[in-house]
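S.K.: Structure for the following, please:
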Amino acid sequence: MPDPLGPLFDALESINGELTGFAARLARLEDAGAVRGAAKTGGSGEEGGSDSARVPGAPVVWHKVKEEERTELWDEFTAWVIRMADTYELTTEQLPHACWWEHGAVVAELTALWTGWESAYVNEDDAAAGPYLWHDAWSRGIERIGRSWLGECTNGYHQAKSRTVWGTDPAYRKKIIEAGPPGVRSGGPTNPTAA
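M.R.: Presented below is the predicted three-dimensional model:
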């Protein structure tokens, strides 16, 4: 006669195998987190250690990168942009060859694509979906960059956009702060029918 508890033991053995797999993956993720934490703290446990190394895929905020690290990081980033432009055969309508680095929004978009690429291709635990998702982001990012030019820099020469720089006028910011959020004005509600 077959053991009536056999299917139960088989199910428990299967669950145990899954839990073992999850535990192993969790251990790998914790190890990766410890490496990132050590890089962030410089291995000393204190934020901002002097010998910190950037983990591939970690976000880059250019104005916060330490001066001594900026040149090397910029060289690495520039090499990546040039390699991707050649690999994906970008046209000047997609990424102006003469001046992409002179446009902060373009550098920010490309930096996000770069760190996403590192994340997709360096992370061995998620090798299946990461590259596919990165290509989707690349396609959308390059489309956004191309739309932002409005033809100004695609002729091979840098054309500064005709615009007002918002961040150079402290009176402008003060005026907005004093006005307060919509619907909250000193004379009562802005919509008299809302009362």
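
S.K.: The host helix or strand of Arg70 packs against which elements?
M.R.: Assessed by DSSP states H and E, Arg70 sits inside helix 67-87. Contacts defined by 3 or more Cβ pairs under 8 Å, 6 or more residues apart in numbering; DSSP states H and E place helix 67-87 against helix 104-122. Placement of C-beta: from N, CA and C, glycine included.

S.K.: Now stretch 138-149: average pLDDT?
M.R.: Average pLDDT, stretch 138-149: 88.

S.K.: The helix holding Arg70 vs helix 104-122, what angle?
M.R.: 80 degrees (axes from the mean of the first three to the mean of the last three Cα atoms, to 10 degrees).

S.K.: and Val106, how many neighbours does it have?
M.R.: The number of residues packed around Val106, counting by other Cβ atoms under 10 Å, is 21.

S.K.: Show me the shaky parts of the protein.
M.R.: Low-confidence segments of the chain (pLDDT under 70): 21-52, 123-127, 149-152, 154-157, 160-164, 183-195.

S.K.: which residues of it fall in helices?
M.R.: Along the chain, the stretches classed as helices by DSSP state H are 6-41, 67-87, 104-122, 129-149, 170-179.

S.K.: Just the CA atoms of the last one, as CSV, please.
M.R.: Taking C-alpha atoms only, helix 170-179 is exported to CSV below (Å, rounded to 0.1, in the frame of the first residue of the first chain):
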residue,chain,number,x,y,z
PRO,A,170,16.7,85.4,-6.5
ALA,A,171,13.8,87.9,-6.8
TYR,A,172,12.0,85.4,-9.1
ARG,A,173,12.2,82.6,-6.6
LYS,A,174,11.1,84.9,-3.8
LYS,A,175,8.0,86.1,-5.8
ILE,A,176,6.9,82.5,-6.3
ILE,A,177,7.5,81.5,-2.7
GLU,A,178,5.5,84.5,-1.5
ALA,A,179,2.6,83.8,-3.8
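
S.K.: picking up where we left off before, buried ones in the helix holding Arg70?
M.R.: Within helix 67-87, the residues scored as buried using 16 or more other Cβ atoms under 10 Å are Phe77, Trp80, Val81, Met84, Ala85.

S.K.: The third one contacts Trp114, correct?
M.R.: Yes: with contact defined as Cβ atoms under 8 Å, Val81 reaches Trp114; the gap is 7.3 Å.

S.K.: intersection of neighbour lists for the two?
M.R.: Jointly contacting Val81 and Trp114 under the rule Cβ atoms under 8 Å, 6 or more residues apart in numbering is no residue at all.

S.K.: Relative to Pro59, which of the helices of the chain is closest?
M.R.: Among the helices of the chain, helix 104-122 comes nearest to Pro59, with 5.8 Å by Cβ to Cβ.

S.K.: any idea of the angle the closest one forms with helix 129-149?
M.R.: Going by the same axes, to 10 degrees, helix 104-122 makes 170 degrees with helix 129-149.
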